[in-house]
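Visitor: For reference, the sequence and a predicted model appear below.
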Amino acid sequence: MAYASAHDEMIFCVDDLVEALGNDDRAVGKVVRLVRNCIGTGIEPLNRAGEAVQQGRFMEARRIVHQLRDAISELGARRFVGACLGLELALAEGKVLEIPLLFTAAETELRLVMEHAGAWLDQHAGRHAAR
């Protein structure tokens, strides 16, 4: 794996997904589209969740974070998934003092996923440039 170290596999790793889809150019093309779709919204979903928290709508914020976690988890983003689970739990339990720190952690991890996914796309999208 040329795009990431073993430590980076916790941030972003689609190798298993590519392999499960056939480990060929067609599989890579499917994963390229998936990666683009997953990171295409950037941090906007977290911003929406943050606005919901500011308005006291913790369960709505939890739902948004859960949906984002579900989508990004397909990219092997274990660290992001862990950060989101902690945030979701704090939102569900109304732990107001913990939420800002957990939001920051989730945003940091999401930015890392987007950075690593972008690097992966740079390596693989040349063969699959149809956007």
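Guide: Noted; the coordinates are in hand.
Visitor: For the residue nearest the centre of the chain, give its distance to Asp25.
Guide: Central residue of the chain (C-alpha atoms, centre = their mean): Ile72, 3.4 Å from the mean position. Separation of Ile72 from Asp25 (C-beta to C-beta, to the nearest Å) stands at 24 Å. For the C-beta atoms, the positions are set from N, CA and C on the backbone; glycine is no exception.
Visitor: in the protein, which spans are helices?
Guide: 15-20, 25-39, 44-54, 58-72, 78-93, 99-124 (DSSP state H).
Visitor: Of those, which is nearest Asp8?
Guide: helix 99-124 (6.3 Å; C-beta to C-beta).
Visitor: ok and that closest one relative to helix 58-72, angle-wise?
Guide: Here the directions of helix 99-124 and helix 58-72 differ by 20 degrees (axes from the mean of the first three to the mean of the last three C-alpha atoms, to 10 degrees).
Visitor: list the helices and strands helix 99-124 packs on?
Guide: Counting contacts by 3 or more C-beta pairs under 8 Å, 6 or more residues apart in numbering; DSSP states H and E, helix 99-124 packs against helix 25-39, helix 44-54, helix 58-72, helix 78-93.
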